[in-house]
Structures are given as structure tokens and as C-alpha cells.
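Chemist: Coordinates for the following, if possible.
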Amino acid sequence: MQTAALVCRDGTADWLCLPRFDSHAAFAGLLGTEEHGYWRIGPAHPSGAAPPRADRRRYRGDSLVLESEWDTARGTVRIIDFMPPRDGAPQLIRIVEGVSGRVPMRSALRMRFSYGRVVPWVHKVGDRTVAVAGPDSVWLDTTAETFGKDLTTYSDFTVSPGERVAFAISWQPSHGGPPALPDPEGSLEATEGFWRDWVEHCTYHGPYRDAVVRSLITLKALTYAPTGGIVAAPTTSLPEDIGGSRNWDYRFTWLRDAAITLSSLLRTGYREEARAWREWLLRAVAGDPENLQIMYGIAGERELSEAELPWLPGYENSQPVRVGNGAAGQLQLDVYGEMIEALHLAHMTGLARNDYASLLQLRLISYLEDHWNEPDEGIWEVRGPRRHFVHSKVMAWVAVDRTIKLIESGDVDGPLERWRELRDDIHRDVCEKGYDKERNTFTQSYGSKELDASLLLIPQMGFLPPDDKRVIGTIEAIQRELSTSDGFVLRYPTAGDEAGVDGLEGDEGAFLACSFWLADDLAMIGRVDEARQLFEKLLALRNDLGLLAEEWDPHLKRQVGNFPQAFSHVPLIDTALRLTASSAFGG
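Modeler: Have a look, this model is predicted:
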């Protein structure tokens, strides 16, 4: 809950930013080669041969403690990987455990700071090894003997049944003293206890509990504990189109993503996360709601300028590799709706009132009152011209509707009649200008013919009832025109080698969040069996650890995009809750 390490099936940690999610990567091999930083622990293998992949891996129960096991000719070995929740700087601890036989092992640690560009000064301080470059230092602690070769720190050792050899790396500012010695076994026990206690608060006990709990744990892990900010994903530039240029940095807090994440946590019993996010929001927006950004840094930073890293060849040669995100300066009117919906849900579920949160909500509506009818870049952050996106208008309606409900509850004062008229004006505008009568469907933007999967949220937000013929027509049109051969849903049409409606060349995979939204809608209009079938097909796309990226490539039959993705795990939870409720009521 400060940063994240991605671990491959061969025991390689090839992505790790220190000390925060959005810091420079110390292991950037994921976006390049081993020259850009990695840490592999696994059975010894011949030089030049590919390292063996684990035969099995799993999370220990309901936790983020990863276990990987290899069956070799000489026996079986297990590696336990985890990052202990702690107040200090982050640690990555890896414990090698012999299961059977005597298995030769190798650890290879190649630290490279600044996204693989900077080779650190590696030296010994007593029994400890430290890598230093500029403001950063990373300390390696292990009881195994180590040696340096080719700018890499190695350790060769053998484990027998029941024997455990621990390795730990700890980040520390280079100008500070050495960090405290890690306690691998004690930290392992504490980490398992932390997750066990946290999961006990989950109020969902339906048929999809395992998938829901894994998604909740993932969302909790994407929360930056010191501030309560929630990152969209812990990675940058994992491509939406393998070999293409649709590569973006997701290590920031999108108001939209964070708000819907908060909604899922609240609906499953997690109020403390809601309180922390609300406090983060109030600090980020501060006294300037008129200049609301769509995203901020995890501590509320506003400057997220976008740059490219030309020395990294990209994941499977998908260039460019980007850091920062230029979309931070876009106008996306829908974020007002998502944010106010989250505040409304927090209020409805009994979160203690915060006077400034209520004041902020009123000020945001005052701004929206003057700007809702402007074109914007929309939920998908198009890089083309601004349009009157239907989803943006619908979410503006949501923002006003939820604020009216707050005033009607008596908790705040506001111009009730004026805002009721505003709500009616927005509703009328959308139904007149965003609806294609000939095709019986809402469209992506006013005057366009394109469809957009965000229209699936119209009944879920209460803009129109599920049995409205316009809603049913929209659902069926999206199924007909935006579905892949697998039955999953594209966000909108793309144009291959030409610039599409989003202003970008190239195509992308099926967007997993949209596919879950379709399952939700199908359940809402009474097609529950069809919804359940789609939902279970989506669950089958998860990797072996139950994790989802942003998209599914229907041609390559693989996940694509940044990983793991909050915007995929949130609707998984929501759809499971809806299907469970539908079953309970005989749907």
C-alpha cells in the first residue's frame, strides 16, 4: 500500500518503483530488458537457457502473500514473496523454502535507478549490501553469501526440506542512515494477519465471494496508505495494442476511478477507506474547486506533465514508454458526477458528516450549473476535438440529482427549485440531442452516429429506468455493434491505421469494465441468465492469481493494458453484487 512489485512466473520481479507507486522504477525490465533492472530468484539453470517457470503459484488464502513452487529433477522448492504493510519505507521480502530434495538456487539482483538508466554504486556496509544513486538507496539483507559480477549481485545456495533462506530489500533516502534490519519471519506473520483481519470486514458472502475478495484486496493494495489516494494501476505503458502507441501512465489518482473504487468498498463494508479517500479529495481540491482536475498525484500533486523515455524499448517493443499523463489538463465533466455519487453513497452508508465535503459539493454544482452544456474530452480522454459527450451530460445530471437529494435530506441548504429545474434541463437536453430515434439508441455524442459503451451506465445511474425502450434499444445496439466475437465489449469504434474518433491511430482490445457493465445491464432488464454467462466468461479471463488488466485482446486471446487495473476489478465486484441480488429475488 505504498508501491507494488510485479513478479513473473519464473520468479523475476521486473517492475518496482521506489518508494512510491509513481516514483522512478528501480526494476524496469518489464518495459525493456534485464539491463533495465530485475530481481530473479529461482532454481539454478544453465547459462543461456531460459529460467524455468514455476509449476504452481497462488496467493496464501485471502492475502497478498505470493507462493510459487518449482518441481525440479532434484526436488521441489517454494518462494514466498510479500511486501509487509508498515509505517516506514517499503520492503520486498522473498523467502526461499525447501520442500523436498536438495535444490540448487540462484538469486540475481540488478538494481537500475531512474527507469533503468542509472547504474548505482553497490558496496558492502558490514554484512549488508547497499546500492546508492542520487537520492535513493536500496539495502539488501540476507543470510546467504553474495558476490558481484557484471554489475549484478548474485547468491548461489542450496535448500533442503524445511530449510528457509530469506532475502529482503529496503528503500531508504541515500542521505539517511541504514534502515532497520528486516525481520522476514515476523513480517510474514504480521502481513498474513493484516490481510486476514482486513478481509473479515467484507460484508459480501454470495456465490462469487472468492473473486470479489481478491478484487477487494487488489483495490486495497492500490491505495497509497499515507494519503488515501488510489492509483488506477501500478504500471505505466503496458500497451492496449501490442506493438502500438496506446501506452499511458496510470500511476495516479483519477477522480473517476477512485470514486467508483470507493463505491465498491463502501458497498462491501469498508468505511475507513471511504473516510481516507474523502480526506484526500478535500486536500487535493483544496479551496479551488473551479479548477478541478480529472486526476492528481497520489498525495494530491497537480503537475503530472507527460514525457517519453526513449532508452526503454517498451513492453514487447510497444513504444513510446510514457511517464506522467497529459490528460491531467483535460475537461471531463463526468468526473463531477462520479465524485458526487461517491460522496452521496458515503453519506447514505453512514460515514460521519464532513461540513467541508458538503460545501465542496455545493460549490461543484454551482460550477457545473454554468458549464454542463460545454463540450469536453469525455470519460475516455480522447485526444481529438472536444464534443458534447452523452455520458458526460448524464453524469452532470447525476451530480445535480444527488445534490438535490442531499438538500432534501435537510443536511445542507441550497437553491432547491433552481437545481430541480437544472436537473430537468439536462435530462431533456440529453434525450433530445443524444438519442437517435431511427436506430432507437443513445449515441456517443450529440449529432454523432457512433456508439459508446459508457451509455450502458444510463440505467445504472438512474437516468432512465431499465425497462425504458430507449435503454433496451441502446443495450441491444451496443451488443450488436460494439461486441467482439467473444461477446465482450469495445469502448467505441477505432479506425486502425487512421485516426479514429479518439484522435489516435491503432486499435485496442475489448474493455473489461464495459463488458461488466453490459452484464449489469442485462441483469437489470431481466436477462439474468445471459448476464451470468457473460460474467462467468469474464471471470475466466483473469490470470492464475485472479487479476485483471484493462483490456482483453480478442485476436491474441490475452490481457492487454496496465495491470492490475482498478477500473476492471471495481465492476467485477459491482456485477457480482447485482447478480447475487437478482438471484435472491428470483431473477
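
Chemist: Which residue ranges of the chain form helices?
Modeler: 113-116, 184-199, 209-221, 255-267, 271-285, 334-348, 355-371, 390-408, 416-433, 457-460, 469-481, 512-524, 528-539, 566-584 (DSSP state H).

Chemist: Could I get the contacting residues of residue 135?
Modeler: 173-175 (CB atoms under 8 Å, 6 or more residues apart in numbering). Where you see a C-beta, it was placed from the backbone N, CA and C, and this is true even at glycine.

Chemist: could you dump stretch 128-146 to PDB, C-alpha only?
Modeler: Written as PDB, here are the backbone C-alpha positions of stretch 128-146 (Å, rounded to 0.1, in the frame of the first residue of the first chain):
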ATOM      1  CA  ARG A 128      24.700  -5.700   4.300                       C
ATOM      2  CA  THR A 129      24.800  -4.700   0.600                       C
ATOM      3  CA  VAL A 130      23.600  -1.300  -0.400                       C
ATOM      4  CA  ALA A 131      23.000   0.200  -3.900                       C
ATOM      5  CA  VAL A 132      23.200   4.000  -4.000                       C
ATOM      6  CA  ALA A 133      22.400   6.500  -6.700                       C
ATOM      7  CA  GLY A 134      21.400  10.200  -6.200                       C
ATOM      8  CA  PRO A 135      18.600  10.500  -3.600                       C
ATOM      9  CA  ASP A 136      18.000   6.700  -3.500                       C
ATOM     10  CA  SER A 137      19.500   3.800  -1.700                       C
ATOM     11  CA  VAL A 138      18.300   0.200  -1.600                       C
ATOM     12  CA  TRP A 139      19.600  -2.200   1.100                       C
ATOM     13  CA  LEU A 140      19.800  -6.000   0.600                       C
ATOM     14  CA  ASP A 141      19.800  -8.200   3.600                       C
ATOM     15  CA  THR A 142      20.200 -12.000   3.500                       C
ATOM     16  CA  THR A 143      22.000 -14.700   5.400                       C
ATOM     17  CA  ALA A 144      23.200 -16.200   2.100                       C
ATOM     18  CA  GLU A 145      26.600 -15.300   0.800                       C
ATOM     19  CA  THR A 146      26.600 -12.800  -2.100                       C
END
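
Chemist: now it: how far from the chain's centre is it?
Modeler: In terms of CA atoms, centre = their mean, to the nearest Å, the centre of stretch 128-146 is found 30 Å from the chain centre.

Chemist: residue ranges with poor pLDDT in the protein?
Modeler: 287, 494-507, 584-587 (pLDDT under 70).

Chemist: Skip the chain neighbours and tell me the closest residue to residue 37.
Modeler: residue 112 (3.5 Å; CB to CB, 6 or more residues apart in numbering).

Chemist: Residue 315 versus that neighbour, what's the distance?
Modeler: Going from residue 112 to residue 315 by CB to CB, to the nearest Å gives 17 Å.

Chemist: quick one, what contacts residue 8?
Modeler: Taking CB under 8 Å, 6+ apart, one finds residue 14 in contact with residue 8.

Chemist: and the gap between it and residue 42?
Modeler: From residue 8 to residue 42 the distance is 10 Å (CB to CB).

Chemist: related to what we said a few turns ago, most packed of the helices of the chain?
Modeler: Across those, averaging neighbours per residue (mean count of other CB atoms under 10 Å) puts helix 512-524 on top, at a mean of 26.

Chemist: tilt between that helix and helix 566-584?
Modeler: Using axes from the mean of the first three to the mean of the last three CA atoms, to 10 degrees, the direction of helix 512-524 lies 10 degrees away from that of helix 566-584.

Chemist: tilt between helix 512-524 and helix 528-539?
Modeler: Going by the same axes, to 10 degrees, helix 512-524 makes 160 degrees with helix 528-539.

Chemist: As PDB, could you dump the C-alpha coordinates of helix 512-524?
Modeler: Output in PDB follows, covering the C-alpha atoms of helix 512-524 (Å, rounded to 0.1, in the frame of the first residue of the first chain):
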ATOM      1  CA  LEU A 512     -13.200  -5.200 -19.500                       C
ATOM      2  CA  ALA A 513     -15.100  -2.600 -17.400                       C
ATOM      3  CA  CYS A 514     -17.600  -2.100 -20.300                       C
ATOM      4  CA  SER A 515     -18.100  -5.800 -20.600                       C
ATOM      5  CA  PHE A 516     -19.000  -6.000 -16.900                       C
ATOM      6  CA  TRP A 517     -21.400  -3.000 -17.400                       C
ATOM      7  CA  LEU A 518     -23.100  -5.000 -20.100                       C
ATOM      8  CA  ALA A 519     -23.600  -7.900 -17.800                       C
ATOM      9  CA  ASP A 520     -25.100  -5.500 -15.200                       C
ATOM     10  CA  ASP A 521     -27.500  -4.100 -17.700                       C
ATOM     11  CA  LEU A 522     -28.600  -7.500 -18.900                       C
ATOM     12  CA  ALA A 523     -29.400  -8.400 -15.300                       C
ATOM     13  CA  MET A 524     -31.300  -5.100 -14.900                       C
END
